[in-house]
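Trainee: what's the 3D shape of this:
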Amino acid sequence: MNILFVSGHPAQVHNFRNVRAELIKQDHRVFWLTTPKDIATNLLDIYQIPYQLLYKPNKNILSKAWTLLRNVIWEICFLRQNKIDVAITRTCPYTTIAAKICGVKHIIIDDTEHAARKMKIFSNLANVVIIPECFDFQLRSDELRFLGNVELFYLHQNRFAPSSIWNLLNTESDTRFAIVRFVKWDAWHDTELVGGFTLDQKRELVARLQKHMRVFISSETELPTDLEPYRIQIPIERMHDVQAAASLFVGESATMASESVVLGTPAIYIDEVGRGYTDEEAREQLLWMYRPVPSRDELKSNEPDWILGGVKECIEKAEEIASSSFDIIEYAKRHKKWIATKIDCTAFLTWFIENYPASAKQTRENQKNDAFWAQFK
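Mentor: From the prediction side, this is the model:
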């Protein structure tokens, strides 16, 4: 077959790169389109994945509408010229419209509820939508659910084995350290959110953590002079190795929090809204979730019990885990039990693409069949 992957966010490169490799092994022709985001294109270059660029809009509505039209027309030509049989994307308006016009089969993978609600009109146009079992609302009546999360596409033990990072960090191999992640809050699906830590709260978090362990900051934004020395300086493709070796993750990124959990690293996540996958990890006591409000007293009355408080409690929990009082052995037991319930998502999606549309029927008929999912573990 002629197969197309389309990526936007850098994490989507990781989502699909192993599936691409498996399909190429089976002699399929695989193409890749991406929006021109620095980290995304850098990752594609690092993994030696040939790609072509879509147009990128500016922030204003007129630019977005014009870019939508340009990309749809460009993709229509691309799909026809390369005789694409099936396209696989996260929710992507350009590909959805172009594939519909060209009669190309279109498979959407989604895992972010508040983004999916905004883009539901496009997911309804795709041939099939595949979402994690923990997705917390019904996107389509015929949606398909899989036993995993998106991070398991690239961090499942069948796909990833951590490499040593101590030389990269210029530290000893028994050094305990925390990864702290601050995001930019400019993604289109974050535009209505209030953000995470304030600058003073960032300073307090780092100060309290460094009493117990080293601190490395990964930040999309500029850091003040006093925090800049904590910025981690590593090749971007080595971050998962670092997360696997860390003793703690604290941050505003749902993706990196969930990646840390998959890798067996305790994670603290602060955000105004959660995700189905972080909710599940919080219920399993593998991740601790907080809201960007001053304290527990400011929480909304209808917050679920796995929302543990505001920034005050978040920083206190971070220091607790950083200290010697945290039971990492018990955490490891919970993680082992949880990860055993999940599948190798790359194996599943590769099979699904190669056997579509029969695979959609089989998946729908076996959603609750343990023996069906066991073949992908």
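Trainee: For the stretch 1-150 of the chain, just list every one of the helices.
Mentor: For the stretch 1-150 of the chain, helices defined by DSSP state H, counting those that start in this stretch occupy the ranges 10-25, 38-46, 61-81, 93-102, 113-118, 120-123.
Trainee: okay if I get the ones you listed as a markdown table plus mean neighbour count, distance to residue 180 and mean pLDDT?
Mentor: From N, CA and C alone the C-beta is placed, and that goes for glycine too. Putting these into a markdown table (neighbours: other CB atoms under 10 Å; distance: least, CB to CB, whole Å; pLDDT from 0 to 100) gives the following:
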| stretch | mean neighbour count | distance to residue 180 | mean pLDDT |
| --- | --- | --- | --- |
| helix 10-25 | 20 | 18 | 96 |
| helix 38-46 | 15 | 18 | 92 |
| helix 61-81 | 15 | 33 | 95 |
| helix 93-102 | 21 | 34 | 97 |
| helix 113-118 | 16 | 24 | 85 |
| helix 120-123 | 16 | 34 | 89 |
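Trainee: could I get those as CSV with distance to residue 155?
Mentor: Compiled in CSV, the helices of the stretch 1-150 of the chain are given as follows (distance: least, CB to CB, whole Å):
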stretch, distance to residue 155
helix 10-25, 8
helix 38-46, 15
helix 61-81, 30
helix 93-102, 25
helix 113-118, 21
helix 120-123, 25
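Trainee: With respect to residue 228, which of those lies nearest?
Mentor: Distances from residue 228 to each of the helices of the stretch 1-150 of the chain were compared using CB to CB; the shortest belongs to helix 38-46, at 19.5 Å.
Trainee: now that closest one against helix 10-25, angle please.
Mentor: With axes from the mean of the first three to the mean of the last three CA atoms, to 10 degrees as the criterion, the two stretches helix 38-46 and helix 10-25 enclose an angle of 20 degrees.
Trainee: Could you work out which of the helices of the stretch 1-150 of the chain reaches nearest to residue 166?
Mentor: When the helices of the stretch 1-150 of the chain are ranked by distance to residue 166, counting by CB to CB, first place goes to helix 38-46 at 21.4 Å.
Trainee: can you give me how far the closest one is from the chain middle?
Mentor: When distances are taken as CA atoms, centre = their mean, to the nearest Å, helix 38-46 is centred 16 Å away from the chain's centroid.
Trainee: One more: stretch 351-362?
Mentor: Relative to where its chain is centred, stretch 351-362 has its mean C-alpha point 24 Å off (CA atoms, centre = their mean).
Trainee: Return the distance of the closest residue to residue 1 other than its chain neighbours relative to residue 71.
Mentor: Counting by CB to CB, 6 or more residues apart in numbering, the nearest residue to residue 1 once its immediate chain neighbours are dropped is residue 85, at 4.3 Å. The spacing between residue 85 and residue 71, counted by CB to CB, to the nearest Å, is 20 Å.
Trainee: Kindly report the same for residue 288.
Mentor: Using CB to CB, residue 288 is found at 40 Å from residue 71.
Trainee: and what of residue 356?
Mentor: Separation of residue 356 from residue 71 (CB to CB) stands at 24 Å.
Trainee: With residue 302 instead?
Mentor: Counting by CB to CB, the gap from residue 302 to residue 71 is 39 Å.
Trainee: just residue 170 next, same as before
Mentor: In this structure, residue 170 lies at 43 Å from residue 71, with CB to CB as the measure.
Trainee: Kindly report the same for residue 254.
Mentor: Taking CB to CB as the measure, residue 254 falls 26 Å from residue 71.
Trainee: looking at the chain, which helix or strand is least sure?
Mentor: When the helices and strands of the chain are scored by mean pLDDT, DSSP states H and E, helix 113-118 comes last with a mean of 85.
Trainee: Keeping just the C-alphas, turn it into PDB.
Mentor: Extracted as PDB, the C-alpha positions of helix 113-118 are listed here (Å, rounded to 0.1, in the frame of the first residue of the first chain):
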ATOM      1  CA  GLU A 113     -10.400  15.400  25.100                       C
ATOM      2  CA  HIS A 114     -10.600  19.200  25.200                       C
ATOM      3  CA  ALA A 115      -9.000  19.400  21.800                       C
ATOM      4  CA  ALA A 116     -11.200  16.600  20.300                       C
ATOM      5  CA  ARG A 117     -14.300  18.500  21.400                       C
ATOM      6  CA  LYS A 118     -13.200  21.500  19.400                       C
END
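Trainee: ok, the closest residue to residue 83 other than its chain neighbours - contacts?
Mentor: Beyond its immediate neighbours in the sequence, the residue positioned closest to residue 83 (CB to CB, 6+ apart) is residue 2, lying 5.3 Å away. Residue 2 sits next to 28, 29, 31, 82, 83, 84, 85 when contact means CB atoms under 8 Å, 6 or more residues apart in numbering.
Trainee: redo that, cut-off 7 Å
Mentor: 29, 82, 83, 84, 85 (CB atoms under 7 Å, 6 or more residues apart in numbering).
Trainee: From those residues, list the buried ones, please.
Mentor: Members of the contacts of residue 2 that pass the buried threshold by neighbour count (16 or more other CB atoms under 10 Å) are listed as 84, 85.
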